[in-house]
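Novice: below is the sequence, then the predicted model.
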Amino acid sequence: MDNKRIKQAENNFINYIRDNKIKKIDKFNELIYNTYLRNAREV
């Protein structure tokens, strides 16, 4: 990724946290883990 794309991703992340579209969880969630793993394999 170039620097412009990295900055855009960082800004998106900050906005998603602010808008409660993503949140930090304190415990392991196997469903979430498997979803990320499956999505990573599709790329």
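Specialist: Thanks, I have the structure now. Numbers count the residues shown, from 1 in each chain.

Novice: list the contacts for residue 22?
Specialist: Taking Cβ atoms under 8 Å, 6 or more residues apart in numbering, we find residue 22 in contact with 13, 16. C-betas here are computed from N, CA, C, even on glycine.

Novice: and what about it, helix, strand or coil?
Specialist: coil (DSSP: H, G, I helix; E, B strand; the rest coil).

Novice: relative to residue 7, how far out is it?
Specialist: Between residue 22 and residue 7 the computed distance is 18 Å (Cβ to Cβ, to the nearest Å).

Novice: ok, residue 18 - contacts?
Specialist: Counted by Cβ under 8 Å, 6+ apart, residue 18 has zero contacts.

Novice: let me know the pLDDT of it.
Specialist: Here, the pLDDT recorded for residue 18 equals 93.

Novice: over to residue 43?
Specialist: Residue 43 carries a pLDDT score of 68 in this model.

Novice: now do residue 25
Specialist: Confidence for residue 25, expressed as pLDDT, is 83.

Novice: nearest residue to it other than its sequence neighbours?
Specialist: Leaving aside its sequence neighbours, residue 25 sits nearest to residue 32 (Cβ to Cβ, 6 or more residues apart in numbering; 7.7 Å).

Novice: kindly report the same for residue 13.
Specialist: Spatial nearest neighbour of residue 13, excluding adjacent residues (Cβ to Cβ, 6+ apart): residue 22 at 7.6 Å.

Novice: could you check the pLDDT of the one you found?
Specialist: The confidence metric pLDDT takes the value 91 at residue 22.

Novice: count of residues packed around the residue nearest to residue 25?
Specialist: By the measure other Cβ atoms under 10 Å, the count of residues near residue 32 is 10.

Novice: the helix or strand that contains residue 31: which residues count as buried?
Specialist: Per DSSP states H and E: residue 31 is located in helix 30-42. Within helix 30-42, no residue counts as buried by 16 or more other Cβ atoms under 10 Å.

Novice: quick one: contacts of it?
Specialist: residue 25.

Novice: just the CA atoms of that helix, as CSV, please.
Specialist: Extracted in CSV, the C-alpha atoms of helix 30-42 (Å, rounded to 0.1, in the frame of the first residue of the first chain):
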residue,chain,number,x,y,z
GLU,A,30,-14.6,-17.8,18.1
LEU,A,31,-17.3,-16.7,15.6
ILE,A,32,-15.5,-13.4,15.0
TYR,A,33,-12.2,-15.1,14.7
ASN,A,34,-13.4,-17.6,12.2
THR,A,35,-15.1,-14.9,10.1
TYR,A,36,-11.8,-12.9,9.9
LEU,A,37,-9.9,-16.0,9.1
ARG,A,38,-12.4,-17.0,6.3
ASN,A,39,-12.3,-13.5,4.8
ALA,A,40,-8.5,-13.4,4.9
ARG,A,41,-8.4,-16.7,2.9
GLU,A,42,-10.7,-15.3,0.3
